[in-house]
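S.K.: the following comprises the amino acid sequence and a computationally predicted model.
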Amino acid sequence: MVDFKVSKRMLVNFRGQNKVVGGLTDKDKIAILLYISKEFANLDREDQLFDKVILICQEIFESDNTTLRLWDGEFLVPVKFVKETEPPRRNLKAGEGYSGTVFETKEPILVNDLSRSAHYFDEGEKTKSVMCVPIMQKEEILGTLAVESERENFYIIDDLEILEALTSQLALALYGVRLIEGLVTARAREAAILNQLEWDLKMGRNVQSQILPQDLSAWNGIYFASHYEPMAEVSGDLVDIVRQGHSLTAINIDVSGHGIPAALVTMAIHHQFRRSVMAGLGLTEIMEELGEKLREQLPESTYFTAFMVRIFSDYTFGYVNAGHQRMLHYKASDDTFIQYDTKGVPLGILPVRKADYEEKQGKLEPGDFLLLISDGFSEQRNHLKDEVGVERIQTWLHDEREKLVIEGRGKVDLKKLSAAFIKRFRAYQGEVPNGDDLSFLFLYCGDSIPEASHYIQLAKQSNSKMKMEEAYAQALKAFSIDSSLKEILVFLGKMYYRDGKYKEAIRYLEEYLRTSGDNTAASHFTMGRAYYKAGMISEAKRALKMALSSDHSFAKASILLAQCYLKENAKPKAIKVLQQGVKNTPQSLELKTSLLRLESHTQKVS
């Protein structure tokens with residue numbers, strides 16, 4: 001049974017529409033992910049795993065029915081469910097019904113009222129609302145999981161997100177279970193089983209790789225390179241990056257142990273880390289959150305170490321260590337390495353508070369880099385049993401960087417430096433297998449920042465003197481030198497917008513939002529306004545809704561969103577937006593006036 005309480009949901013009628021009240025809180029989501037990780041790690045048979053999945057879905061989603069289907073090469077076969085349906089379940093082809101559609105598209109769906117979806121609805125069907133999610137690893141889909149209710153509008157997006165997280169762990173656990181079951185019969189068919197196990201673990205690795213940072217594009221002149229290599233296909237190491245506009249937070253984690261149990265724990269850590277960063281917590285507060293939220297849910301004798309660094313727009317940074325390998329800082333100005341460490345203990349062993357951790361500060365200069373690295377590199381031995389050691393790592397990086405400086409005429413290609421480091425490591429390691437999981441993350445402060453900054457300052461001066469042609473030329477020159485600098489992207493976006501060149505403005509503003517991680521209401525409103533001016537109404541609505549989700553009292557965003565609906569001749573939706581805006585910001589005379597005008601015009605027309 002689930003040993004924690006989740007908020008019970010209810011359906012209430014509000015202004016003629018059914019609304020969900022209650023359901024999953026953020027605390028529930030963390031507890032559920034940890035519960036799933038812990039429970040799946042202790043299962044060793046498929047039937048146990050399938051029973052556990054059905055039980056979890058019933059308890060956290062309050063479902064009337066849950067159906068697990070697996071693909072047998074021709075059909076989606078219902079292998080586990082709570083109760084038989086009317087009409088009875090049958091094998092489905094790809095594209096048939098909601099489960100077949102999810103299997104074919106590999107995309108989850110949430111249907112609030114099946115009776116209004118004729119292509120999904122069978123005659124006599126009692127199910128009214130359903131969530132259905134594909135069970136898959138990177139390139140292969142294994143089946144589907146459907147959570148069903150006999151009440152319409154019973155599930156919301158938060159439910160769908162937690163179901164997707166559950167199926168990701170289910171896919172990984174399924175390969176683990178098949179591994180264990182395969183070992184039981186290994187004596188009878190050893191060769192075939194070993195081949196299958198190798199394939200299963202590789203698929204498990206693909207599932208876990210989905211939580212690794214996929215976007216390594218530069219952030220405000222900071223460039224990234226990473227390496228992730230499990231000792232046995234799946235890993236207890238994790239690197240992650242979270243962008244937040246004016247800051248960037250990175251972490252390197254090492255979970256004790258190896259294989260599938262450690263890999264499942266990394267998924268829960270990944271979720272809690274991102275949630276804590278987005279909540280605006282400081283580094284020591286995040287360490288406390290990671291320790292306390294996860295400690296009681298970890299499998300017995302499991303703990304993890306972590307090193308976290310947060311870089312700000314002025315290239316100062318703070319860092320905290322929780323028993324992890326020290327961070328390396330290469331300083332280009334004097335061609336030396338510094339090793340950074342702070343007071344702090346590993347997480348998951350004992351209760352911790354933020355006071356148990358110490359935050360220190362530093363600053364990056366152009367050409368510097370930071371390296372977060374797991375101890376699998378420094379503790380690797382060669383055929384003579386000699387460890388690599390941190391000093392040797394520094395020597396390799398120094399020598400390879402010198403080669404790249406000469407080759408690049410003063411500039412360093414970070415991808416080449418990362419590849420050269422791995423090559424030196426392999427040469428030292430020889431034929432000796434990896435002794436631990438391996439991971440690292442480079443954070444490199446671009447050599448070109450001073451030159452690009454010089455041109456952007458010239459562009460600003462020209463702009464203030466109304467020398468528009470010079471301002472554009474200098475800003476574009478800065479962009480060609482380093483296209484990741486936030487200051488350049490925002491300046492060009494605003495210049496083009498001011499001059500009525502909206503599509504050009506959109507190009508730079510989109511790049512700014514994509515690379516910076518800025519999720520503020522003001523930034524999304526600026527983006528929405530540019531879309532609106534360019535006649536891209538659907539895109540404008542999306543951006544303005546994101547602005548209002550960040551700040552529901554943003555009156556200008558409500559007014560412009562209403563104007564988007566009016567462009568589409570959807571007056572009722574425009575009125576609803578303004579009514580909600582007045583409710584959220586009752587002091588706004590502009591909102592009240594806009595609403596009165598629209599309601600008055602609507603009444604005259606009618």
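M.R.: Good, I have the coordinates. Residues are numbered from 1 along each chain as shown.
S.K.: how about residue 329, secondary structure?
M.R.: Using DSSP: H, G, I helix; E, B strand; the rest coil, the structure places residue 329 in strand.
S.K.: that one touches residue 367, doesn't it?
M.R.: No. Judged on Cβ atoms under 8 Å, residue 329 makes no contact with residue 367 at a distance of 11.8 Å. Any C-beta I mention is one placed from the backbone N, CA and C, and that applies to glycine too.
S.K.: which helix or strand contains the residue lying closest to residue 365 once chain neighbours are set aside?
M.R.: Once flanking residues are discounted, residue 365 sits nearest to residue 333: 6.0 Å by Cβ to Cβ, 6 or more residues apart in numbering. Using DSSP states H and E, residue 333 sits within no helix or strand.
S.K.: list the contacts of residue 333.
M.R.: If you count contacts by Cβ atoms under 8 Å, 6 or more residues apart in numbering, residue 333 has them with 365, 367, 368.
S.K.: ok, the residues you listed vs residue 481, which is closest?
M.R.: Within these, the smallest distance to residue 481 is 14.8 Å, found for residue 367 (Cβ to Cβ).
S.K.: so how far is residue 332 from that closest one?
M.R.: Distance, residue 367 to residue 332, using Cβ to Cβ, to the nearest Å: 3 Å.
S.K.: tell me the pLDDT of residue 26.
M.R.: On pLDDT, residue 26 comes in at 67.
S.K.: for residue 335, grab the count of nearby residues.
M.R.: Applying other Cβ atoms under 10 Å, we find 11 other residues in the vicinity of residue 335.
S.K.: where does the residue lying closest to it once chain neighbours are set aside sit: helix, strand or coil?
M.R.: Closest residue to residue 335 apart from its sequence neighbours, by Cβ to Cβ, 6+ apart: residue 398 at 7.5 Å. When classified by three-state DSSP, residue 398 comes out as helix.
S.K.: I'd say residue 398 and residue 331 touch.
M.R.: No. Contact criterion Cβ under 8 Å: residue 398 and residue 331 do not qualify, at 11.3 Å.
S.K.: when these two are compared, which one has more neighbours?
M.R.: residue 331 (16 against 13).
S.K.: okay, and the beta partners of the more buried one?
M.R.: Here residue 331 sits in beta bridges with residue 336, going by DSSP bridges.
S.K.: which residue ranges make up the domains of the chain?
M.R.: Domain ranges of the chain: 10-180, 212-447, 450-605, per automatic domain parsing.
S.K.: rank those by pLDDT, which is bottom?
M.R.: domain 10-180 (a mean of 81).
S.K.: which ones are touching residue 287?
M.R.: Applying Cβ under 8 Å, 6+ apart, the residues contacting residue 287 are 306, 308, 320, 322, 344, 347, 352, 354, 356, 357.
S.K.: what about the residue lying closest to it once chain neighbours are set aside, distance to residue 217?
M.R.: Spatial nearest neighbour of residue 287, chain neighbours left out: residue 357 (4.7 Å); criterion: Cβ to Cβ, 6+ apart. According to Cβ to Cβ, residue 357 and residue 217 sit 30 Å apart.
S.K.: and residue 80, by the same measure?
M.R.: To residue 217, residue 80 is 42 Å away according to Cβ to Cβ.
S.K.: who has more neighbours out of those two?
M.R.: Using other Cβ under 10 Å, the more surrounded residue of residue 80 and residue 217 is residue 80, with 17 against 12.
S.K.: pretty sure the more buried one is touching residue 50, no?
M.R.: Yes. Using Cβ under 8 Å, residue 80 makes contact with residue 50 at a distance of 4.1 Å.
S.K.: tell me the helices in the stretch 201-350 of the chain, going along the chain?
M.R.: 259-278, 283-294 (DSSP state H, counting those that start in this stretch).
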